[in-house]
Each structure stands twice: as structure tokens, then as C-alpha cells.
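J.: let's see this in three dimensions:
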Amino acid sequence: MKKYIPTKEKPIETLCLCRVSSDKQAKKETIMSQKQACLDYAKNNGFVIDRFFYEDGVSGWKTDRPGLDMMAEYITQEQKNKRIRVLFFDMSRLSRNLEVFSRFENLVIKYDIELLTVTGGKTANNAAGRFMRGFDVLRAQMFSDELSETTIAKMRSQMQMGYYPLNPPVGLKRVKDEHKKVILVPDEPKATLIRQAFEKYASGELATKHAVADFLNSHDVWNGRNITDTLANDILHNVVYTGIFAYDPWGIPLQEWKITKIIPMELFDAVQARLDKSGYKSYKSTIGDDFPLRHEIFCEHCGHPLTGYYAKSGTKACKHPYYRCHNKDCEFHKKSIRRNIIERAFVEKLHTVKATDKFLDLCCAMIAKIGKIRENEITSANNKTNDKITAIKQRISGITALVMDAMASGDTDLANIYQGQIKELNANKQALEKQLESNTISNVAEKFRTAIENGREFFKRPDLLWSHGTLSQKQRLVRLIFAEKPVYHQESGFRTASTVQIFNENTAQMDGDSDLAAPLGFEPGFSP
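T.: From the prediction side, this is the model:
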């Protein structure tokens, strides 16, 4: 039997997680740079890091987090005999997903773990500290979502101009045109083989999709990889080869793309007619928009996500929407639940979750405080930028005098060198001036003012986002509301589902000596 060790006598062990996502080159950071920053922080604060956990190329948005899971498992096993201290570079390294954060936060609260970040220091394990950590992760999640939305918006804009930003199908490749824009051109000899496959299938020389796959594999069209019957079917259905098509997922109408077509539209239509001899047209639905809770709620029996589908009535005149478990091994796999029943239960749940005015006052005060800190940071950064611009101007003035001297002495080579330096300095100056224009205090103040207004409205009435939000916003709402995977029970609905602490009525109960009535004296425990 293990001897009980009082908490104060337990040795402290420090754990550290270093994570970078797949876009680490764009962020100019590596696992080693994070590790070094954490080691320096530990040394400056008088402790050592006993054990490191790593996640290289793992997005903070993912729920599958091998390094974080290993750390959680280690904490659970070792906490009986040790006091645990956990260090991250910042809260976004822990997670950009509120669900993952909530899972780890439960360990922090349960075992009274000391949690620190290099950028923000230590946060207390009380209501205020938990809120600040959650807010920081929520902000990181919002940044990740906004980045994704911005990327999609840019890609949609390219599509509207006729450029195809997605991965090209086999037989086409990317090249840049005279405007340095990416267009698709035939990738020979693969393009010719793809066209021959279409021609042979349309004529009946290749009788089946399996025969098409064999034909393409015999010529190694896919660089050594095997083309299956399913992939052959996808190739025969791929309208990108014609260069004239619509892209329905992003609302791009039928248009001619900047793609060198390898299949004439008449040949493509002939292939489609042969593929669809029965004349049967599958029912097409914007399934995501029709079932916003699809993959966001889970089966009460096996824990797998529910999917959405339409079922025909006996007369085949109407299609009725249902949710059901997509796990074929679940005994309730074929037990369907009407869409309106589940979504009505979810809306009823939304009506029960809202933050108190007292707590929202604290949130708004904290956001305003962060905004003021950010304004000070921008003022300091702008002052440094102005100093750089002044130094560049002085440097240009000095080099201009040297140009005049070189020209006077007839040394044109030296004058050209100086003029090249001036050109480079002018480019740097213009970039800094452009940076100053975009990095203004008014822009920051407006962003935080909007954040306060929208944030208060959301936390007071989260059901408004469900009523008027987009599909992605509705799905994000589900992840924000529930601390754990929401399970729908056919008898009790979402009654047992726990909500995140922001919507917990006990959240406003400040621990320790904190006073909620005077939120402006409350100092954030992290850097914005």
C-alpha cells in the first residue's frame, strides 16, 4: 500500500509541450525555437523542465492530439506522488479548439496543476484564471477560423476570375502565366492518356470502369500508384477536364476557366450519358446547410457522431429529414430521429444558457483592458517604425550625396551601385509607411469596440447566432456551448450535457480576494 504524501511535501515536476502546425514555415517558428524559449523562461524563473512532449505538424484545431494526450495520461498516472507544473509557449500551443482545452482544463482543476505560459506567466486556478485561459484559447480558435475563412474567401475570389486554386486532377498541372497567376495546362503524356480513356469508354471499347482503370494503370498514369475503380469513376465524372463548369460549393456559376481543356464538352457529355444509362439522377442536397448538427452531436449508445439524410415517403412524393448514427456496428444504426425533434431540443438548450450581466461586465472590462494594452503596443511599434523610416531617409540623403560625387568624378559603375541601394531603401521605406497606415490606433479601437458589442450580444443571447448565423457559425456555436461532446438522448434530450464555464451560472462566483464589482482593477494574466 502506497504511503500518503502531503501535498506540500510532494516534489514538483515540470512538463512542457511544444507544438507547431503544418504551416510552421509561414510562422517562422520551429519546435526547437519553442523549446529554447521555454527553457529560458524556466531558467529565469528558477525551475527546470523535467519532461518534454512534442507535436510537430499537428494543428491546434484538431481533436486528435497525441502529444497532449500523452501528457494528460502521464499527469493522471504521476499526480499521486508529485505536484505537476505545466508550461506552454502560449495558450494557442495548448489548443485552438475549446473542446480540447476544456478536456485538459478539467485535469488542471482536478489535480490543481500549476499552468504557466512563456508569454503570459502563471494563471490562478480560480474562476478568473479559468476564464482568462478559456478566453485566450477562444481567441486563438477565432484566429484559426478567421484565417480559414480568409483563405476560402481568397480562393473564391480567384475562382470568380476563372483561376482554379484547388489541386488539379491527374492529367493537368499548374504553371504561371504572364501575369504570374497559376493556370492549369495538360500534363503530357498523361493528358493524352486521359483523353484516350474518355474516347475508348464513350465508344464502348472499354466496357467498364474497371477496364478504364486497367488501361490507365497499364500506362502508369498516376506515377506508380494504383488507380482503383472508384478513382476511374471519379476521373470519368470530372468536368474540370472540359475547362467549362460551375463550382456549386462556393456559388461559382457556369463559366470558362483559365484551363487548357483536354476533353471537348461533346465527348464529356457522351461519357456521362453512358455512365447514366438508367436515367436515374441522385438526389442532390446542400446536406450541410440542411443538417447543421450533422457530425456535431453524438449517439447515446456508441458515441459516434450522428449524420443527416433524407428518406422518401411511401409514395416517393416527399423527402423527410432525419438524423441517425452512422456507425454500422451500433445496434441503433438504423434508428432514425426526426430533424425537427433534435434541433428543437437544441434550441431549448440554447435558451437555458446565458451569462449573467455581472459576469458580462467583467468580460467587457477585460476586453477593454486588453484593447488598451494593444493600443499601447501599437503606439510603441509605430514609434519604432517611424524611427526606422527616419533612419532610412537619412541614409538615402547620404547615399544621394555619394551618387553626386561619383557622377562628378565620372565613375558611373559606382553611381549605379549607389542608385541600386537607394532604390532598395525606398522600397523598404514604402513598405514601412504602408505598415503604418494599416496599423493605426483607430483600427484597433474599432475592432475591440465591435468585439465588446458582439461578444456581449452573443453571450447574452447565443440562440441569435443559431437563428441568423451561417453553417460554420452554427457549428462553431455547438463547440462553444458544450464543454464535452454533446450526446442526444431520445428520452432526455441534451439535459445531461455540460456547458462551458462561460455559460455556467457559478462562473461569476469569484474565488479568493477578487471582487467582481470592481472589474477595472482586474489584471489579465496573459499577453494579448
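J.: please enumerate the strands of the stretch 251-400 of the chain.
T.: 252-256, 298-299, 306-312, 319-325, 337-338 (DSSP state E, counting those that start in this stretch).
J.: tell me the mean pLDDT for the second one?
T.: I take that to be strand 298-299. The average pLDDT within strand 298-299 is 84.
J.: can the strands of the stretch 251-400 of the chain go into JSON lines with extra columns for distance to residue 232 and mean neighbour count?
T.: The way it works is simple: take the backbone N, C-alpha and C, and place the C-beta from them, glycine included. Formatted as JSON lines, the strands of the stretch 251-400 of the chain follow (distance: least, C-beta to C-beta, whole Å; neighbours: other C-beta atoms under 10 Å):
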{"stretch": "strand 252-256", "distance to residue 232": "26", "mean neighbour count": "12"}
{"stretch": "strand 298-299", "distance to residue 232": "35", "mean neighbour count": "20"}
{"stretch": "strand 306-312", "distance to residue 232": "27", "mean neighbour count": "17"}
{"stretch": "strand 319-325", "distance to residue 232": "31", "mean neighbour count": "18"}
{"stretch": "strand 337-338", "distance to residue 232": "37", "mean neighbour count": "14"}
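J.: so which of those is nearest residue 88?
T.: strand 298-299 (28.4 Å; C-beta to C-beta).
J.: contacts for the closest one, please.
T.: For strand 298-299, contacts defined as C-beta atoms under 8 Å, 6 or more residues apart in numbering pick out 304-306, 325, 327, 330, 332, 485-488.
J.: so how far is residue 261 from residue 244?
T.: To residue 261, residue 244 is 7 Å away according to C-beta to C-beta, to the nearest Å.
J.: now swap in residue 206 and tell me
T.: For residue 206, the distance to residue 261 - C-beta to C-beta - is 21 Å.
J.: so these two - more neighbours on which side?
T.: Per other C-beta atoms under 10 Å, whichever of residue 206 and residue 261 has more neighbours is residue 206, with 22 against 19.
J.: next, count neighbours for the residue nearest to that one when sequence neighbours are not counted.
T.: In space, and not counting its chain neighbours, residue 206 is closest to residue 200: 4.3 Å by C-beta to C-beta, 6 or more residues apart in numbering. As a burial measure, residue 200 scores 15 neighbours (other C-beta under 10 Å).
J.: possible to save the strands of the stretch 251-400 of the chain as a markdown table with distance to residue 121?
T.: Formatted as a markdown table, the strands of the stretch 251-400 of the chain follow (distance: least, C-beta to C-beta, whole Å):
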| stretch | distance to residue 121 |
| --- | --- |
| strand 252-256 | 48 |
| strand 298-299 | 37 |
| strand 306-312 | 42 |
| strand 319-325 | 45 |
| strand 337-338 | 48 |
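J.: ok, now which ones touch the nearest residue to residue 66 once chain neighbours are set aside?
T.: Excluding its sequence neighbours, the residue lying closest to residue 66 (C-beta to C-beta, 6+ apart) is residue 55, at 6.6 Å. Counting by C-beta under 8 Å, 6+ apart, residue 55 touches 17-20, 65-68.
J.: do that again at 10 Å, thanks
T.: With contact set as C-beta atoms under 10 Å, 6 or more residues apart in numbering, residue 55 has these partners: 17-21, 31, 62, 65-71, 93.
J.: of the residues you listed, which belong to strands?
T.: 17-20 (DSSP state E).
J.: show me this protein divided up by domain.
T.: 7-156, 172-275, 287-352, 357-503 (automatic domain parsing).
J.: wait, which of those domains is closest to residue 166?
T.: domain 7-156 (7.6 Å).
J.: rank the domains of the chain by pLDDT, which is bottom?
T.: The bottom spot among the domains of the chain, by mean pLDDT, belongs to domain 357-503, with a mean of 75.
J.: starting at the chain centroid, how far to it?
T.: 17 Å (C-alpha atoms, centre = their mean, to the nearest Å).
J.: going forward, the N-terminal residue is numbered 27.
T.: Happy to do that; since the first residue is 27 now, the last one works out to domain 383-529.
J.: what separates residue 496 from residue 505, distance-wise?
T.: Applying C-beta to C-beta to residue 496 and residue 505 gives a distance of 15 Å.
J.: do residue 297 as well
T.: 42 Å.
J.: ends of stretch 325-335, how far apart?
T.: 15 Å (C-alpha to C-alpha, to the nearest Å).
J.: ugh, typo on my part, it should be stretch 109-128
T.: Termini of stretch 109-128 sit 21 Å apart (C-alpha to C-alpha).
J.: chain center to it, what's the gap?
T.: With C-alpha atoms, centre = their mean, you get 16 Å for stretch 109-128.
J.: before we move on, what about stretch 245-260?
T.: 31 Å.
J.: so for it, what gets flagged as buried?
T.: For stretch 245-260, burial by neighbour count (16 or more other C-beta atoms under 10 Å) applies to 247, 253, 257-258.
J.: mind putting those into TSV with secondary structure and distance to residue 303?
T.: Formatted as TSV, the buried residues of stretch 245-260 follow (DSSP: H, G, I helix; E, B strand; the rest coil; distance: C-beta to C-beta, whole Å):
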residue	secondary structure	distance to residue 303
247	coil	26
253	coil	23
257	helix	21
258	helix	17
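J.: now for the closest residue to residue 441 other than its chain neighbours: which residues touch it?
T.: Excluding the flanking residues, the one nearest residue 441 by C-beta to C-beta, 6+ apart is residue 432, at 4.0 Å. With contacts defined as C-beta under 10 Å, 6+ apart, residue 432 is in contact with 438-445.
J.: can you redo those residues as TSV with distance to residue 418, neighbour count and secondary structure?
T.: Putting these into TSV (distance: C-beta to C-beta, whole Å; neighbours: other C-beta atoms under 10 Å; DSSP: H, G, I helix; E, B strand; the rest coil) gives the following:
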residue	distance to residue 418	neighbour count	secondary structure
438	25	11	helix
439	24	7	helix
440	21	15	helix
441	20	18	helix
442	20	12	helix
443	18	15	helix
444	15	20	helix
445	16	16	helix
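J.: returning to what we had before: out of the strands of the stretch 277-426 of the chain, which is closest to residue 406?
T.: strand 278-282 (44.0 Å).
J.: just the residues contacting that closest one, thanks.
T.: Here strand 278-282 has contacts from 182, 185-188, 190, 268-273, using C-beta under 10 Å, 6+ apart.
J.: check stretch 361-375 too.
T.: Contacts of stretch 361-375 (C-beta under 10 Å, 6+ apart): 316-320, 322-323, 325, 327, 332, 334-337, 346-351, 488-489, 492-493, 500, 503-504, 507-508, 512, 514-516, 518-521, 523, 525.
J.: which among the contacts of residue 81 count as buried?
T.: Among these, the ones that count as buried (16+ other C-beta under 10 Å) are 43-47, 57, 91, 93-94, 96-97, 119.
J.: and which of those residues is nearest to residue 177?
T.: residue 47 (13.7 Å).
J.: thought that closest one was touching residue 91?
T.: No. Between residue 47 and residue 91 there is no contact under C-beta atoms under 10 Å: 11.5 Å.
J.: between these two, what contacts are shared?
T.: 81, 84-85.
J.: among the residues you listed, name the ones in strands.
T.: residue 81.
J.: the residue most central in space within the chain is in what secondary structure piece?
T.: Averaging the C-alpha coordinates of the chain gives a centre point, and the residue nearest to it by C-alpha atoms, centre = their mean is residue 170 (4.0 Å). In the assignment (DSSP states H and E), residue 170 maps to helix 153-186.
J.: any buried residues in that helix, and which?
T.: 153-167, 170, 184-185.
J.: likewise stretch 285-300?
T.: Those would be 285, 287-289, 293-294, 296-297, for stretch 285-300 by 16+ other C-beta under 10 Å.
J.: so what touches that stretch?
T.: Here stretch 285-300 has contacts from 188-190, 194-195, 197-198, 201, 209-214, 216-218, 220-221, 223-225, 227-230, 233, 238, 261-271, 305, using C-beta under 10 Å, 6+ apart.
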